[in-house]
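Asker: model the structure of this input:
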Amino acid sequence: MARKPARKPAGRKAPAQKRARAPRFRWRLWLVWFVLFLAVLAALFFWLAPGMIERSMNRIEGSGLWRVEERTAALHDSLFVADLHADTLLWDRDLGRRADRGHVDLLRLAEGNVGLQVFGSVTKTPRGQNYEANSADTDNITPLVVAQLQPPRTWVSLLERSLYHAERLAKTARARPAQLMLIRSRADLEALIGRRADGERVIGGMMAAEGLQNIEGDIDNLDRLFDAGYRMAGLTHFFDNRLAGSMHGEEKGGLTPLGRQVVRRMEDRGMIVDLAHLSHDGVAEVLDMARRPVIVSHGGAQAICKVNRNLTDEEIRGVAATGGVIGVGFWDGAVCSPTPGATARTMRYIRDLVGIEHVALGSDFDGAVTTGFDAAGMAAVTQALLDQGFTEDEIRAAMGGNVRRVLMETLPAR
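Answerer: Numbers count the residues shown, from 1 in each chain. Model (predicted):
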């Protein structure tokens, strides 16, 4: 009788099954750890990268070296100080807290006795940015916007970037009404001046667009900017756009038909036309058609610092003829040395050429520049002006009185 084959004990295959599952389990475990590693790297990047980028671009050299005499400090504390340009809203910082990087926050503005700060909205800059010639085909700001985890609507729209900047400033003003007040009209400016005269250290904040490429070719978007609080705008930045040629563009042409329409609408709405970065042809055309004072928010004089972004004597005279002002910068591209003395020398040159009533401050703080001091050190400019022989009345005008006059002439009543 044939024997039945012996049955294999139950469970004999279990070790082989375990051996088959083990590599698969280890592979999944390594995948989980790899994903976690990437997540940690991404978190570190979004947390650290924006600050590291800013520290490398907005630097201070010489802070603490500039002497300020006791009588100068007392004079400075009595001034209405106005700065026509800072790019602080480009960076991921809380204005209400003292920062360990950059140039501007509310605490440092208060320490520098700044009464009015104009905040520029930077929406696009070209790769390899320089003062001579730039293409409009690349953009450095988009990666920064993504790295800062700004709302996705700002990733693909220059208009939305500017609207977001205005929202940030308005949110800060709502959260800190004793420190920051939005300036959108002559009535707002009068209220600010009254509050400061009563001893409040409140700071006026006004929005400006650094280049109207952010209207994206649609003039009606200018009204959206106005409604969001913008009261000043340059037509171009570092590249040519659909409104005009830039001083640093490839073509460097004059105004386009759209550019002329925009200038007219800005004047009608009570928005100040800023000639900073505009091509020389464009400057001449705006000066020829201007019906209100125009300004140069941040720059210098070619006679003092021959850099292709500063104004010729003819252009300085043209701005003065409109009743406007020129905001003199604090960095080497404007005055050839990031020192208070260099800024004061350029201010003296403009005073001697066209009169003290056309001199103003345009720091370009937080604009990817190196300066000799931050917003807390503004008294160093007052000292440098005294050293250059300015009278107290001239200093009051240059440090902010002239800007106050132009705003009272150009802003909407309410």
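
Asker: do a quick rundown of the helices in the stretch 151-300 of the chain.
Answerer: Applying DSSP state H, counting those that start in this stretch to the stretch 151-300 of the chain gives helices spanning 158-175, 186-197, 220-227, 257-269, 280-289.

Asker: so for G249, which of those helices sits nearest?
Answerer: Nearest of those to G249, taken as C-beta to C-beta: helix 280-289 at 9.8 Å. From N, CA and C alone the C-beta is placed, and that goes for glycine too.

Asker: that closest one - contacts with which helices or strands?
Answerer: Packed against helix 280-289, as judged by 3 or more C-beta pairs under 8 Å, 6 or more residues apart in numbering; DSSP states H and E, are the following elements: helix 257-269, helix 313-321.

Asker: ok, which of the ones you listed comes nearest N113?
Answerer: Short answer: helix 313-321, nearest of the helices and strands packed on helix 280-289 by C-beta to C-beta, at 26.4 Å.

Asker: who touches that closest one?
Answerer: 275, 280, 283-284, 287, 294-296, 301-303, 311, 325-326, 350, 353-355, 358 (C-beta atoms under 8 Å, 6 or more residues apart in numbering).

Asker: hmm, back to that, redo the helices of the stretch 151-300 of the chain as TSV? Include distance to A379, mean neighbour count and mean pLDDT.
Answerer: Compiled in TSV, these are given as follows (distance: least, C-beta to C-beta, whole Å; neighbours: other C-beta atoms under 10 Å; pLDDT from 0 to 100):
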stretch	distance to A379	mean neighbour count	mean pLDDT
helix 158-175	25	20	98
helix 186-197	17	16	98
helix 220-227	34	16	98
helix 257-269	34	17	98
helix 280-289	32	18	98
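
Asker: alpha carbons only: can I get stretch 168-182 in CSV?
Answerer: Extracted C-alpha coordinates of stretch 168-182, given in CSV (Å, rounded to 0.1, in the frame of the first residue of the first chain):
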residue,chain,number,x,y,z
ARG,A,168,0.2,94.8,5.4
LEU,A,169,0.8,98.5,6.2
ALA,A,170,-2.9,99.0,6.9
LYS,A,171,-3.0,96.0,9.2
THR,A,172,0.0,97.4,11.1
ALA,A,173,-1.8,100.8,11.5
ARG,A,174,-4.9,99.1,12.8
ALA,A,175,-2.9,97.0,15.3
ARG,A,176,-0.7,99.9,16.4
PRO,A,177,-2.7,103.2,16.1
ALA,A,178,-0.5,105.0,18.6
GLN,A,179,2.6,104.3,16.5
LEU,A,180,1.5,104.4,12.8
MET,A,181,-1.1,106.4,11.0
LEU,A,182,-1.9,106.0,7.3
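
Asker: now what about it, what contacts it?
Answerer: Under the contact criterion C-beta under 8 Å, 6+ apart, stretch 168-182 has outside partners 89, 94-96, 106, 110, 119, 188, 191-192, 195, 200-207, 229.

Asker: which ones are touching Y349?
Answerer: Y349 makes contact with 301, 303-304 under the criterion C-beta under 8 Å, 6+ apart.

Asker: which one of those residues sits in the busiest neighbourhood?
Answerer: Neighbour counts for the contacts of Y349 were taken using other C-beta atoms under 10 Å; the highest belongs to A301, with 24 neighbours.

Asker: which residues does that residue bridge with?
Answerer: Partner residues in beta bridges with A301, using DSSP bridges, are L311.

Asker: pLDDT at it, what is it?
Answerer: In this model, A301 is scored at 98, pLDDT.

Asker: how much space between it and F373?
Answerer: Distance, A301 to F373, using C-beta to C-beta, to the nearest Å: 21 Å.
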